[in-house]
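Participant: With the input below, show me the fold.
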Amino acid sequence: MNYHIMVQDKFLDSFIDDVYAINEEASNVFWFRGENSSLSHVKTNHPVEFLGNDKKYWEEKLSSLKPSDTIFVHWYDIWISKLIYHLPNNIYVMLWGGEFYGEPFWYHQWLYDTLTLNYIKEKNNYPQIKFTLNIINLLKNIKRTYFFYKEKQSQYKQKNKLVGRIDYLISPTTTDHIKIKELYPSFKAININGFYDQNFDRAILQNLSSKKNYTTVNILLGNSAAQTNNHLDALEVLKKLQNITVYCPLSYGGTQEYVDMVITRGKQLFGINFIPILNFMTREEYMEFYTSIDIIYMFHNRQQAFGNICTALTMGKPVFLKNQNTLKGYLDAMRIKTYDVNEITSSKLIGIIKESKESSKNNYEILKLSISKEKRLSDLKVLFTEIKLKHTKKN
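Facilitator: Below you'll find the model as predicted:
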C-alpha cells in the first residue's frame, strides 16, 4: 500500500484525481496534515483522511504501516521527516521546493535579494553585532548573536541528516536534484521523473486575443505573497519601465503585514497601475485571467511557480527568470527561451511579446513531451507499477 502524507495545498486535488485516472486508487491512501475546514484548499470528493497535527496520533498511525508499505511525502519538512526517519519503509518525496530551500529558516539567506532580506531581518529581529561603548550591552549582543548562529548551524545539520533519509525524489527537473545535493551533502536519493498538474492541458484550450496595439503592457509579478518572490527588489527593477500595469498575486503564502507592505510600495511606484490580486482563484479562473497578461516576471532565486511558468510558455507568453533559478536551467536544456529579469527594458517589450508568440508552437511541442497530462499520468502509472514489482520480488 502507498501512503501519501500531504500538507494541504491547492494542487493536491488534481494529484488525487490523477491516481484515480490511472485506476490506482485501491493501493493509495491519502493522509492530510491539519484539520478539514472551510479554509482548506482541499476540495476533493475522493476519500481522504485529515489527521490533525498531534505528534502522538501521527506516531500511532505510522506504527500501523507494514515494512513493505511505501511512504510518499508531499512537503518533506523537519516535522514529518523526524517522524518517519527510523521507519523501514521506502520514502518517496514529491518535490515542492520550499521544504529544501527554505528550511531551516535563516540558513538559506540566498533566497532573498537585498531589499527583501533587509525587510525580513528587521521584522524578525535578526541579531547583528552592534558596537557600543556600553560593555555589558555589547557582550550581551555578542552572546546572543553567537548562540543564534550556533542554533542555525545545528538546525542545518539536523536537516542535512533528515534529507539523507530520502530514497527517491520525484521531480521533473534534474537541475533541482543537483541543487539539493549542493545544499545537503547527505542527499543520495534517486531522481524519478514526475510532477503535479502544471496546467498545460488547460492552457492550450484558452482563447488568446490577438492584441496588436499595446498602449499598456500587463506584467504579472510573482506567484504568491511568499517573501521568496522578492517583491521589493523586483519592483525596483520594474519602476524604470513605462506604460506598464503590474498585477501581483498576493492571495496566499505570506503574512498580512507583508502583503500590506508590498501593496504600499507597489502603489507608491505605480499608483493605479499596481493591481494586487487578493482573492484566491480557481484554476479555471486563473487560466482566464492569464489571457489578459502579456509578460510573466518571476524574481525567485529558487525553483518556484512552475505551474505559472508552464502556463505562460504554453500560451506563448514571455517569461522572465533569474539565471540562478533551477527552472531556467531546466528550460534552457529543453531549448525553450526565457529572458533575464535584469535585462527588461521598455524598448524591447513589444518585440519580446511578439517573439514569444512566434515560438509558442515550438514550446507547445516540447512541453507536450514533458508535462502534458498524458505524460504525467504515464509517469505516475510507471512509478506505481515499479513499486508493485519491487514488493513482488521481496515476497
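
Participant: Which helix or strand in the chain has the lowest average pLDDT?
Facilitator: helix 200-203 (a mean of 82; mean pLDDT, DSSP states H and E).

Participant: How far does the following helix or strand past that helix sit from its chain's centre?
Facilitator: Using DSSP states H and E, the helix or strand that follows helix 200-203 in sequence is strand 217-221. When distances are taken as C-alpha atoms, centre = their mean, to the nearest Å, strand 217-221 is centred 20 Å away from the chain's centroid.

Participant: Just the CA atoms of strand 217-221, as CSV, please.
Facilitator: What follows is strand 217-221, C-alpha atoms only, in CSV (Å, rounded to 0.1, in the frame of the first residue of the first chain):
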residue,chain,number,x,y,z
VAL,A,217,1.8,46.1,-21.2
ASN,A,218,0.3,43.9,-18.5
ILE,A,219,3.0,42.3,-16.3
LEU,A,220,2.4,39.5,-13.8
LEU,A,221,4.8,39.8,-10.9
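
Participant: Can you list the neighbours in contact with that strand?
Facilitator: The contact list for strand 217-221, computed with C-beta atoms under 8 Å, 6 or more residues apart in numbering, reads 229, 231, 234-235, 238, 241, 243-249, 290, 292-297, 299, 308, 312, 349-350, 353. (C-beta placed from N, C-alpha, C; glycine too.)

Participant: gap between the two ends of stretch 1-10?
Facilitator: Start and end residues of stretch 1-10 are separated by 25 Å (C-alpha to C-alpha, to the nearest Å).

Participant: mean confidence score for that stretch?
Facilitator: In this model, stretch 1-10 has a mean pLDDT of 95.

Participant: Name the residues of that stretch that are buried.
Facilitator: Within stretch 1-10, the residues that count as buried by 16 or more other C-beta atoms under 10 Å are Asn2, Tyr3, His4, Ile5, Met6, Val7, Gln8, Asp9, Lys10.

Participant: where do the helices sit along the stretch 101-250 of the chain?
Facilitator: 114-123, 135-163, 174-183, 200-203, 231-238 (DSSP state H, counting those that start in this stretch).

Participant: Take the ones you listed and write them to TSV, including distance to Asn223 and mean neighbour count.
Facilitator: Shown next, in TSV, are these (distance: least, C-beta to C-beta, whole Å; neighbours: other C-beta atoms under 10 Å):
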stretch	distance to Asn223	mean neighbour count
helix 114-123	15	15
helix 135-163	25	14
helix 174-183	17	17
helix 200-203	15	20
helix 231-238	11	21
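
Participant: which stretch among those helices comes nearest Asp54?
Facilitator: With C-beta to C-beta, the closest approach to Asp54 among those belongs to helix 135-163: 20.4 Å.

Participant: before we move on, the earlier item: show only the entries of the contacts of strand 217-221 found in strands.
Facilitator: Using DSSP state E to define strands, the subset of those located there is Ile244, Thr245, Val246, Tyr247, Cys248, Pro249, Ile295, Ile296, Tyr297.

Participant: Count the residues that sit near the third one.
Facilitator: Neighbours of Val246 under the rule other C-beta atoms under 10 Å: 24.

Participant: List the contacts of it.
Facilitator: Ile219, Leu221, Leu235, Leu238, Gly266, Phe270, Asn273, Phe274, Ile275.

Participant: Could you measure from the second one over to Met6?
Facilitator: In this structure, Leu221 and Met6 are separated by 29 Å, where distance is defined by C-beta to C-beta, to the nearest Å.

Participant: and Pro276, that one's in a helix?
Facilitator: No: Pro276 is assigned strand when assessed by DSSP: H, G, I helix; E, B strand; the rest coil, not a helix.

Participant: Against Trp75, how distant is the closest residue to Tyr57 other than its chain neighbours?
Facilitator: Nearest residue to Tyr57, sequence neighbours excluded (C-beta to C-beta, 6 or more residues apart in numbering): Leu51, at 6.4 Å. Distance of Leu51 to Trp75, computed by C-beta to C-beta: 14 Å.

Participant: go on, Thr145?
Facilitator: 31 Å.

Participant: ok, so of the ones in strands among the contacts of strand 217-221, who is nearest Phe105?
Facilitator: Using C-beta to C-beta, Pro249 is the member of these that lies nearest Phe105, at 22.5 Å.

Participant: show me the contacts for the closest one.
Facilitator: Residues near Pro249 by C-beta under 8 Å, 6+ apart: Leu220, Gly222, Asn223, Ser224, Ala225, Ile277.

Participant: same deal with Tyr258?
Facilitator: Tyr119, Ala225, Gln227.

Participant: Is it correct that the first one is in contact with His231?
Facilitator: No: with contact taken as C-beta atoms under 8 Å, Tyr119 and His231 are classed as non-touching, separated by 9.4 Å.

Participant: For the helix or strand harbouring Lys361, C-alpha coordinates in CSV please.
Facilitator: Applying DSSP H and E as the criterion places Lys361 in helix 360-371. Extracted C-alpha coordinates of helix 360-371, given in CSV (Å, rounded to 0.1, in the frame of the first residue of the first chain):
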residue,chain,number,x,y,z
SER,A,360,4.6,29.2,-28.9
LYS,A,361,4.2,26.3,-31.3
ASN,A,362,7.7,25.1,-30.6
ASN,A,363,7.2,25.5,-26.9
TYR,A,364,4.0,23.5,-27.1
GLU,A,365,5.6,20.6,-28.9
ILE,A,366,8.5,20.5,-26.4
LEU,A,367,6.3,20.8,-23.3
LYS,A,368,3.8,18.3,-24.6
LEU,A,369,6.5,15.6,-24.3
SER,A,370,7.4,16.8,-20.8
ILE,A,371,4.4,18.0,-18.8
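
Participant: ok, Pro318 - contacts?
Facilitator: So Pro318 contacts Asp294, Ile295, Ile296, Ala312, Thr338, Tyr339, Ile352, Ile353, Glu355, Ser356 (C-beta under 8 Å, 6+ apart).
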